[in-house]
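**Q** Sequence and computational prediction follow.
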Amino acid sequence: MEAMIHPETENNTIEKTDTLEMAPFIERTRKIQSIERIPGDASTRRYYRVRTHDVFMSGVQAPSTSLIVMVMEPFMELGATIPFLLIQKHLFQSGVDVPQILDFDPKNGFIMLEDLGDVTLLKALQDVTSADVERSLFQKSIDALVALHTRTGPTKTAESIGGFKLKFDTEKLMWEVGFTLEHFYQKHMNRKFSDSDFKTIHNGFFQICSE
């Protein structure tokens with residue numbers, strides 16, 4: 001019988017491994033106070049909030065600071081030209097508010113980011129006390145979306161950014177379906193498909209994505 005690994009146990013193992021491996025990367029420039037895993041996005045990347053003391057040559061410690069370390073697949077071959085870094089650079093230079101890149105380690109797949117906190121638009125709206133405040137939040141959000149679309153198109157940069165060449169065609173949509181089935185349903189939910197069920201699901205989505 002095939003051994004089943006509980007998702008929580010597997011996640012704990014991954015977290016411990018990440019923490020041990022990222023420590024030397026962080027300590028190149030900072031002294032670690034604590035490392036805490038935080039919810040990620042819909043990808044295989046993992047995120048950690050790191051509280052640190054900056055370390056200066058004089059040995060004097062600055063007040064505690066917070067940053068984010070993102071863990072992804074190693075990117076030695078592409079280095080600073082991986083899509084994530086190129087897009088961040090393009091958005092930042094275009095005046096869009098994005099987390100700054102503080103450091104990165106291609107060999108181990110680590111990227112150190114500015115910590116923008118946990119307050120999402122939804123959380124901010126839940127705490128509003130007046131219609132004026134609510135209107136202001138929506139206005140700022142709309143302005144940010146307009147800026148994103150008007151300042152960052154492919155004609156706004158001389159660099160070749162692969163993201164501008166993506167097409168949401170059948171191939172791309174089916175890749176997204178496959179990614180979701182593998183990483184969410186099979187790995188995160190720890191469930192398996194029979195061959196016949198997988199074929200039914202695949203054919204159903206292929207029909208939808210081909211229309």
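**A** Structure's in. What do you need? Numbers count the residues shown, from 1 in each chain.
**Q** helix or strand for residue 112, which one?
**A** With elements delineated by DSSP states H and E, residue 112 resides in strand 110-114, which encompasses its position.
**Q** how about that strand: buried residues?
**A** Within strand 110-114, the residues scored as buried using 16 or more other Cβ atoms under 10 Å are 110, 111, 112, 113. Every C-beta, even on glycine, is put in place using the N, C-alpha and C of the backbone.
**Q** In the sheet, which residues pair with the second one? Tell me.
**A** With beta bridges defined as DSSP bridges, residue 111 has these partners: residue 70, residue 104.
**Q** Tell me if residue 48 really is in a helix.
**A** No. Secondary structure assignment places residue 48 outside any helix; it is strand (DSSP: H, G, I helix; E, B strand; the rest coil).
**Q** show me the contacts for it.
**A** Counting by Cβ atoms under 8 Å, 6 or more residues apart in numbering, residue 48 makes contact with 18, 19, 22, 35, 36, 37, 38, 68, 69, 71.
**Q** if we can go back for a sec, what are the contacting residues of the strand holding residue 112?
**A** With contacts defined as Cβ under 8 Å, 6+ apart, strand 110-114 is touched by 22, 25-26, 67-72, 84-85, 99-105.
**Q** where do the strands sit along this protein?
**A** Shown for the chain, the strands assigned by DSSP state E span residues 30-38, 46-54, 65-71, 101-105, 110-114.
**Q** so can I have CSV of those showing mean pLDDT?
**A** Rendered in CSV, the data for those read as follows (pLDDT from 0 to 100):
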stretch, mean pLDDT
strand 30-38, 90
strand 46-54, 88
strand 65-71, 93
strand 101-105, 95
strand 110-114, 96
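**Q** Quick one: the helices in this structure, in order.
**A** Residue ranges of the helices in the chain, as given by DSSP state H, are 7-26, 83-93, 121-126, 131-151, 170-180, 195-210.
**Q** Indicate which one of the ones you listed is closest to residue 188.
**A** Comparison of the helices of the chain against residue 188 by Cβ to Cβ identifies helix 7-26 as nearest, at 6.6 Å.
**Q** where does the protein have its least confident helix or strand?
**A** Lowest on mean pLDDT, DSSP states H and E among the helices and strands of the chain sits helix 7-26, with a mean of 83.
**Q** and it, what other elements does it pack with?
**A** Packing partners of helix 7-26 (3 or more Cβ pairs under 8 Å, 6 or more residues apart in numbering; DSSP states H and E): strand 30-38, strand 46-54, strand 65-71, strand 110-114.
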